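Novice: Here is my input, please return the structure:
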Amino acid sequence: MKKPHGPGSSGSHGDGPDVNAIYDTWAAGYQAADVDKIMSIYAPSAIFDDPCYPPQTYAALAAWFRFDFSRSGPRPTWKYEIESAESSGSLAFVISNWVGFTDFGKPQQAEVRRLRSVDFFRLGADGWKIFRTLNIPEPCVGTAGKRPRKPRKKK
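Specialist: Numbers count the residues shown, from 1 in each chain. Purely as a prediction, here's the structure:
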């Protein structure tokens, strides 16, 4: 994981959010299927936006994680790299790249999801919280860097 550089990287309230601590909290919560831990990084007014789904409120996002954790099967392990972090006063934004891996019960890991995320933070009485997330999933790419072939039509 890459540490942010420049403004917003130190973590004191005057310098912006401690992004690594916040994202590590999310990743640990996801790994433990702990919805409360995951949601602790979001403001109650948060809007989560991913083009694959309708925008989700804090309550809808928490409900989605409860649903996700109730399903059987492997869940990905998430890793992130911070591309850019900037803050001014009580506002900050972070651009990061996330990759989800799973092993499907095998010795090898497979990448199952890759996305770019833009998170907007606000400093409040309870610290820095995400109030808006924009996720931009990357297209499906095979292991050789080529798009998977479309299935052939039967003749």
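Novice: burial measure for the closest residue to Lys37 other than its chain neighbours, as a count.
Specialist: Using Cβ to Cβ, 6 or more residues apart in numbering and skipping residues adjacent in sequence, the residue nearest Lys37 is Gly29, 3.1 Å away. C-betas here are computed from N, CA, C, even on glycine. Close neighbours of Gly29, defined as other Cβ atoms under 10 Å, add up to 18.
Novice: And Asn97, how far from Gln109?
Specialist: 17 Å (Cβ to Cβ, to the nearest Å).
Novice: Give me the more crowded residue out of the two.
Specialist: Asn97 (16 against 12).
Novice: hey, C-alpha coordinates of whichever strand or helix holds that one in CSV?
Specialist: Per DSSP states H and E, Asn97 falls inside strand 91-102. Listed next in CSV are the C-alpha coordinates belonging to strand 91-102 (Å, rounded to 0.1, in the frame of the first residue of the first chain):
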residue,chain,number,x,y,z
LEU,A,91,-12.6,19.2,3.6
ALA,A,92,-10.5,16.6,1.8
PHE,A,93,-10.6,14.3,-1.1
VAL,A,94,-8.6,11.1,-1.9
ILE,A,95,-8.2,9.3,-5.2
SER,A,96,-7.3,5.6,-4.7
ASN,A,97,-7.1,2.4,-6.6
TRP,A,98,-8.6,-0.8,-5.1
VAL,A,99,-8.1,-4.4,-6.1
GLY,A,100,-10.1,-7.3,-4.7
PHE,A,101,-8.5,-10.8,-4.7
THR,A,102,-9.9,-14.1,-3.7
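Novice: Buried residues in that strand, which are they?
Specialist: Of all the residues in strand 91-102, those buried under the rule 16 or more other Cβ atoms under 10 Å are Ala92, Phe93, Val94, Ile95, Ser96, Asn97, Trp98, Val99, Gly100, Phe101, Thr102.
Novice: Done for today, thanks.
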